[in-house]
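In: Output the structure for:
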Amino acid sequence: MHGLANGKIRKKASEMPVFEAIEGDDSIYPDGPSTQQALEQLDTLAKSPKPFFLAVGILRPHLPFGAPLKYLQRYKDTTFPPIPHPNKPPGKTTWHHSNEFMKYKRWGKNPNKNPEFATEVRKHYAACVTYADAQVGQLLQRLKTLNLDEQTIIILWGDHGWHLGEHAVWGKHTLFEESLHAPLIITTPNPTKPGKESTSLASSIDLFPTLCDLAQLPKPKYLHGQSLLPILQNPDKQVSSHIISYTNGAQTIRTNTHRLIKHRNGHVELYDHTSPEKETKNIAPQNTKLTEKLSAQIKDALE
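Out: Down below sits the predicted model:
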């Protein structure tokens, strides 16, 4: 997970560059060999008439940011948009010092104070995403070659988001949208609304019941998530009124319109996603009734 090119693994982060791009094919970084293994698995599984389940873990993008040079070169002349709300938020929040990022070798540079270095970081992150995308492309192409593409359920799922300078954070581990909003793409044989985006709330625990429904399998009684099948049938559909996330020191509830973060010491943050300020203005002091209502929902959900 922390590997760089040609089998180099992390021993001491402070001695490893936070990013790199090395000349070579996809196999010089860890996702290349694991994708090749997955392709071999697909070839084997295709020989059996039985249904199969194959999970493929793609590590990039992950610190340190490393990808073959050809993927970075795609962004050589790219002008990135300005970083949204790049300043440290006022008051008590789940902001942190980006310690995971900062402990790597950065040549004395801080992306919060050095715009050119921030752009370098963003380009290497983009290169990692493109490298990961190329691995997904190989898997999809192999399914097509094996004539399995039109009878296979495919889920592309990320386990978390990542700050690239928003709120002056470079990393995850906050309860802001950038850290919690993860990628999720689901495709099925004969999709009802192919390529349609949904703004419906969803949580990672929803994937198990969704797969049960799609594969027409009975759902175990112990599941807590909600099947996303109604959203796949109608992207405007809602299956959850709210979703919950948490860290050691705080919990958050996200609705379609607001996010509330409740800290262990009782401090609360409330953000209005229908406003231009979104998660840059804490409106909790002016909205005590909504704050109390969402706080109660957090308590009920976690109990």
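
In: quick one: contacts for the closest residue to residue 162 other than its chain neighbours?
Out: Closest residue to residue 162 apart from its sequence neighbours, by CB to CB, 6 or more residues apart in numbering: residue 172 at 5.6 Å. In short, each C-beta sits where N, CA and C put it, glycine included. Contacts for residue 172 (CB atoms under 8 Å, 6 or more residues apart in numbering) come out as 160, 161, 162, 163, 179.

In: Shouldn't residue 262 be within a helix?
Out: No: the assignment for residue 262, made by DSSP: H, G, I helix; E, B strand; the rest coil, is strand rather than a helix.

In: quick one: it from residue 244, how far?
Out: Computed as CB to CB, to the nearest Å, the residue 262 to residue 244 distance reads 11 Å.

In: what do the two both touch?
Out: By CB under 8 Å, 6+ apart, the residues touching both residue 262 and residue 244 are 251, 252, 298.

In: of these, buried ones?
Out: 251, 252, 298 (16 or more other CB atoms under 10 Å).

In: which stretches of the stretch 1-150 of the chain have low pLDDT?
Out: Applying pLDDT under 70 to the stretch 1-150 of the chain flags the ranges 1.

In: Can you list the residue ranges for helices in it?
Out: 31-45, 69-73, 99-102, 115-145 (DSSP state H, counting those that start in this stretch).

In: among those helices, which is nearest residue 86?
Out: Residue 86 sits nearest to helix 115-145 of all those, at 8.4 Å, using CB to CB.

In: Within the sheet, what are the partner strands of the helix or strand following that closest one, with directions?
Out: Downstream of helix 115-145, the first helix or strand assigned by DSSP states H and E is strand 154-157. Strand 154-157 pairs in its sheet with strand 184-187 (antiparallel), by DSSP bridges.

In: now what about the partner strand, what contacts it?
Out: 153, 154, 155, 156, 157, 158, 194, 202, 210, 228, 232.

In: Over to stretch 32-43?
Out: 25-27, 54, 56-59, 135, 138-139, 142-143, 146, 148.

In: now do stretch 270-285
Out: Contacts for stretch 270-285 (CB under 8 Å, 6+ apart): 85, 89, 91, 93, 167, 176-177, 256-261, 268-269, 287, 290-291, 294.

In: can you rerun that using 6 Å?
Out: The contact list for stretch 270-285 (CB atoms under 6 Å, 6 or more residues apart in numbering) reads 85, 176, 177, 257, 258, 259, 260, 268, 269, 287, 291.

In: Between its first and last residues, how far does that stretch reach?
Out: 9 Å (CA to CA, to the nearest Å).

In: buried residues in that stretch?
Out: By neighbour count on 16+ other CB under 10 Å, the buried set for stretch 270-285 is 270, 271, 272, 279, 280, 282, 284.

In: Give the closest residue to residue 136 in space, chain neighbours not counted.
Out: Nearest non-adjacent residue to residue 136 (CB to CB, 6+ apart): residue 156, at 6.5 Å.

In: Then residue 295?
Out: residue 262 (5.5 Å).

In: Make sure that neighbour is actually in contact with residue 252.
Out: No: Residue 262 lies out of contact with residue 252 (CB atoms under 6 Å); the separation is 7.3 Å.

In: what's the lowest-pLDDT member of the contacts of strand 184-187?
Out: Least confident of those in the model: residue 194, at 89.

In: Report the buried residues of the helix or strand where residue 210 lies.
Out: For residue 210, the host element (DSSP H and E) is helix 207-214. With burial defined by 16+ other CB under 10 Å, the residues of helix 207-214 counted as buried are 207, 209, 210, 211, 212, 214.

In: Run a quick neighbour tally on residue 286.
Out: If you count neighbours by other CB atoms under 10 Å, residue 286 ends up with 9.

In: cool, and the one 10 residues further on?
Out: When neighbours are counted by other CB under 10 Å, residue 296 registers 11.

In: show me the contacts for it.
Out: With CB under 6 Å, 6+ apart, residue 296 has no contacts at all.

In: Just confirm it is within a helix.
Out: Yes: Residue 296: assigned to a helix according to three-state DSSP.

In: What distance do you get for it to residue 290?
Out: Distance of residue 296 to residue 290, computed by CB to CB: 11 Å.
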